[in-house]
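[1] Just to be clear, the model below is a prediction. Sequence and coordinates:
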Amino acid sequence: MLKIKVNDVDIDVEEGLTVLQACEQAGVEIPRFCYHEKLSIAGNCRMCLVEMEKSPKPIASCAMPVAEGMNIKTNTSKVEKARKGVMEFLLANHPLDCPVCDQGGECDLQDQSMYYGIDKSRFKENKRFVPEKYMGPLIKTQMTRCIHCTRCIRFATEVAGVSELGAIGRGEDMQITTYLEKSMQSEMSANVIDLCPVGALTSKPYVFEARPWELKKTETIDVMDAVGSNIRVDTFGWEVKRVLPRINEEINEEWISDKTRYACDGLKFQRIDNPYLKENGKFKKINWNKAYKIIVDKIKNTLPDKIAGFTGDLTNMETMYIVKEFFEKTIKSKNLETRSEDTYVNINNRENYLFNSKINGIENSDLIFLIGSNPRFEATILNSRIRKSFLKNNTKIISMGDVGNLNYPYDIIKNDLNTLDELLNEKSSIFDIFKNSKFPIFLIGQSFFKLKSADFFLNKIKKFLKKNDKINDKWNALNILSNNASTVGGYDLGIMNSDNGRNLILEKLKNNYFNLIILVGQDNLDFKKKNEFIIYIGSHGDKGANCADIVLPGSAYTEQDGYFTNLEGKIQKSFKASYPPGDAKEDWLIINELSELLKRKKLFEDKDKLVGSMINYLKINQKKNNFEQVFNENFTNEKIVVDPLDYYYSNVISRASKTMNECRNEKIKTKSNGTTG
């Protein structure tokens, strides 16, 4: 520890900190524009000037490392005069357009100019003009406002991994731009909007929509993937206007993906706001009483074995749990499943389907082995952690097969099961790299679990890792990458009809075995309908509603409280930020009311009782063996091919989003022009 003085107060700080960080530890706030704790130090705005004993002039505190015996003063007249001079320079070319700027009310320059600004300027020259730049459908530019802090450039290069933003020209002629006047090819590009301390980069879909003080702010959880990023949902009335990141160092740090941020406009479009009945191929509106009567009659006149149910990829845990109770206690059917594809899963032990190293544990890894996964599209924020680990630790990354640009370099090996078997039998050249690694990560994607020999290899991988002491009390190298927000929660709740881990219901569904099918937010099933009567409960008119005979309007994730378990097994609560449209109800309530009509008794008196029962179930069953697992003793050689993921169209909300549609079209256009990304 180093001893220094800040404003005549003695403090102890760690070696390697900057003066700015030391001042913050001492409780002194230093103004800054270019400095950001997650980015490299640029030291080019000079707003963080402080006085240091024996220094002839003020120093930039963000770029000066602390040293033993330093005496720092942050509140002298010399410091204040220096900061006012810097502010005068910054405002010399800044347009006076705060009333029409979307950054107004949450602008660093606006806030600091209130303290360090002056009412007149000594500069009489004409203000410079900078033409606007095209950065894609998400980012609106007003580059005349730019103060050259370079935060956006550093983020794009260091965190997002796309070297497409930069500065051209020098001095007054310097401009921040994309080198080829095209959109940023990153799924995290819009984070530059949060980083921009002025109004140079603002949100294009949100432009002129609302002011910050008009919005109701709700801290909640994202469901666009299985990461469970912490977000803040801002609403105006019932409408979701924007989604912003919330700091959680263990999961998403302070970044979110573009889909998390901008798919929210899909909550306005293609919404189901009324019960509908299909007659002669067309939907007509009906009331809730009639809808319930039709469903109750159908259930009463159908054998339990002929009734099947599927929960969806965005379904919260309360809904899945009450659906499970409904099937087991009300209609006495075992045909309930959360998987829409024939993927293997072993729920005997939670480690078989969790990301066991934890998301922030990626930063400690020294070897990452990708098996059937493309983390860039399957879990964008997790992929940024892998890039961070590569930059920080020079982590070696190996992939079975070429999965495209991941924004970091990786070695490619043959993508067949014989190659994997050689490694697990300690005959591969990669084994030496693995053996010498202290914190390896075997990152297994969902494409792997579609293989016929998935059970054989999951068991063999676990034995291999345990034998080499890579699964122990301090580290677990087995990591499963789930794609959907509801996946891990569904497995925890045992929502499946399994035969040694395989999906039993899917084959029956494709053979048209069932007479009645209940889809709860499930829009990804691939089967040809014949005479089945299909009930769809959900928020959007998508694939599930299109094939249904009766449609019940449910709620989206921002319109009801709900629990979600992310891919590392962390249970988090999503809070209600808005209200469902029209006559729509919360999903759990629909199931509860159906149960009351069928059995003259509600499954749960209220939501609190439902949540309490669910938590008790999780405590009892998370470590309990649900079925005896029998493993294959041999395997057939197959290719491990990563299924292509339509990133911007991955769920009902993103498919309904105009912004996601624009991003998708932009990506298609970029690919057709021969540019990679």
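    Arrived safely, thanks for sending.

[2] From now on I want contacts and neighbour counts done on CA atoms only, so please keep to that.
    Noted.

[3] how many neighbours does Ile231 have?
    24 (other CA atoms under 10 Å).

[4] any residues touching the helix or strand containing it, and which ones?
    Using DSSP states H and E, Ile231 sits in strand 230-236. Counting by CA atoms under 8 Å, 6 or more residues apart in numbering, strand 230-236 makes contact with 210, 214-222, 240-248, 251-252, 256, 558, 577-578, all of which sit outside it.

[5] again, but for stretch 380-393
    Residues outside stretch 380-393 that contact it (CA under 8 Å, 6+ apart): 159-161, 187-188, 227, 252, 255-257, 359-360, 362-366, 375-376, 395-396, 406-408.

[6] And for stretch 113-128?
    Glu80, Arg83, Lys84, Met87, Glu88, Ala92, Asn93, His94, Pro95, Thr144, Glu172.

[7] So for the last one, what's the pLDDT?
    Looking at Glu172, its pLDDT stands at 81.

[8] Check the spacing between the nearest residue to it once chain neighbours are set aside and Leu354 real quick.
    Nearest residue to Glu172 in three dimensions, chain neighbours excluded: Arg128, at 7.9 Å (CA to CA, 6 or more residues apart in numbering). Arg128 is 54 Å from Leu354, where distance means CA to CA, to the nearest Å.

[9] Tell me which of the two has more neighbours.
    In this view Arg128 and Leu354 are compared by other CA under 10 Å, and Leu354 has more residues nearby, 20 against 13.

[10] Could I get the contacting residues of the more buried one?
    When contacts are counted by CA under 8 Å, 6+ apart, Leu354 is found next to Asn479, Ile480, Leu481, Ser482, Val488, Leu567, Glu568, Gly569.

[11] at 10 Å instead, please
    Leu478, Asn479, Ile480, Leu481, Ser482, Val488, Asn566, Leu567, Glu568, Gly569, Lys570 (CA atoms under 10 Å, 6 or more residues apart in numbering).

[12] Can you name the residues in contact with the helix or strand that contains the third one?
    Going back to what we said before, that points to Ile480. Secondary structure here is read from DSSP H and E; on that basis Ile480 sits in strand 478-481. Outside of strand 478-481, the residues within contact range by CA under 10 Å, 6+ apart are 226-227, 351-359, 370-375, 378-379, 382, 440-449, 458, 461-462, 465-466, 470-471, 567-568.

[13] Narrow those to those in helices?
    Residues from the contacts of strand 478-481 lying in helices, with DSSP state H as the criterion: Pro375, Glu378, Leu382, Leu458, Ile461, Lys462, Leu465, Lys466.

[14] Lys332 versus the fifth one, what's the distance?
    The gap separating Ile461 from Lys332 is 38 Å, by CA to CA.

[15] swap in the last one?
    The gap separating Lys466 from Lys332 is 41 Å, by CA to CA.

[16] related to what we said a few turns ago, mind telling me the two of the ones in helices among the contacts of strand 478-481 farthest from one another?
    Glu378 and Lys466 (27.2 Å; CA to CA).

[17] And those two? Which one has more around it.
    For Glu378 versus Lys466, neighbours defined as other CA under 10 Å are more numerous around Glu378 (25 against 15).

[18] I'd like to know how many residues surround the residue nearest to the more buried one when sequence neighbours are not counted.
    Sequence neighbours aside, Asn483 is the residue nearest to Glu378 in space, at 5.8 Å (criterion: CA to CA, 6+ apart). The criterion is other CA under 10 Å. On that basis, Asn483 has 23 neighbouring residues.

[19] phi, psi of Asn483?
    phi -100, psi -30 (degrees, to the nearest 10).

[20] Test my guess that Leu49 contacts Ile59.
    Yes. In this structure, Leu49 sits in contact with Ile59. The criterion is CA atoms under 10 Å, and the distance is 5.3 Å.

[21] Pairing partners for the helix or strand bottoming out on mean pLDDT in the chain, with directions?
    The helix or strand of the chain with the poorest confidence is strand 498-499; it has a mean of 76 (mean pLDDT, DSSP states H and E). Here the strand partners of strand 498-499, with direction, are listed using DSSP bridges: strand 502-503 (antiparallel).

[22] what does the strand it pairs with rub up against?
    Residues lying outside strand 502-503 but in contact with it, judged by CA under 10 Å, 6+ apart, are 337-346, 449-450, 452, 454-455, 496-497.

[23] run the last query once more with 8 Å
    Taking CA under 8 Å, 6+ apart as the criterion, the residues outside strand 502-503 that touch it are Glu337, Arg339, Glu341, Asp342, Thr343, Tyr344, Val345, Met496, Asn497.

[24] Repeat that for stretch 366-374.
    389, 393-400, 403, 406, 434, 437-448, 481, 640-642.

[25] Got a ChimeraX select line for the buried ones in those residues?
    Here is the ChimeraX command that selects only those of the contacts of stretch 366-374 that count as buried (16 or more other CA atoms under 10 Å):
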select :389,395,396,397,398,399,400,403,406,434,437,439,440,441,442,443,444,445,446,447,448,481,640,641,642
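
[26] rewinding a little: which element follows the strand holding Ile480 toward the C-terminus?
    Using DSSP H and E, the helix or strand that follows strand 478-481 towards the C-terminus is helix 487-492.

[27] pLDDT averaged over that following helix, what's the number?
    Across helix 487-492, the per-residue pLDDT values average to 94.

[28] what's the answer for stretch 234-251, then?
    If you average the pLDDT over stretch 234-251, you get 94.

[29] what does stretch 664-677 give?
    74.

[30] Which positions within it qualify as buried?
    Within stretch 664-677, the residues scored as buried using 16+ other CA under 10 Å are Arg664, Glu666, Lys667, Thr670.

[31] Now, of the contacts of stretch 113-128, which are buried?
    Neighbour-count burial (16+ other CA under 10 Å) is assigned, among these, to Glu80, Arg83, Lys84, Met87, Glu88, Ala92, Asn93, His94, Thr144.

[32] Check what pLDDT the fifth one gets.
    Residue-level confidence at Glu88 comes out at 92, pLDDT.

[33] re earlier: please flag which of the buried ones among the contacts of stretch 113-128 sit within helices.
    For the buried ones among the contacts of stretch 113-128, secondary structure assignment (DSSP H) places Glu80, Arg83, Lys84, Met87, Glu88, Ala92 in helices.

[34] now, which of these sits nearest Pro205?
    Checking those against Pro205 by CA to CA gives Ala92 as the nearest, at 29.7 Å.

[35] Does the residue nearest to Glu172 lie in a helix or a strand, and which?
    Counting by DSSP H and E, Arg128 is found in no helix or strand.

[36] I'd like the distance between it and Ile153.
    For Arg128, the distance to Ile153 under the criterion CA to CA works out to 21 Å.

[37] try Leu618
    From Leu618 to Ile153 the distance is 45 Å (CA to CA).

[38] So for the two, which residue has more residues nearby?
    Comparing Leu618 with Ile153 by other CA under 10 Å, the one with more neighbours is Ile153, at 22 against 15.
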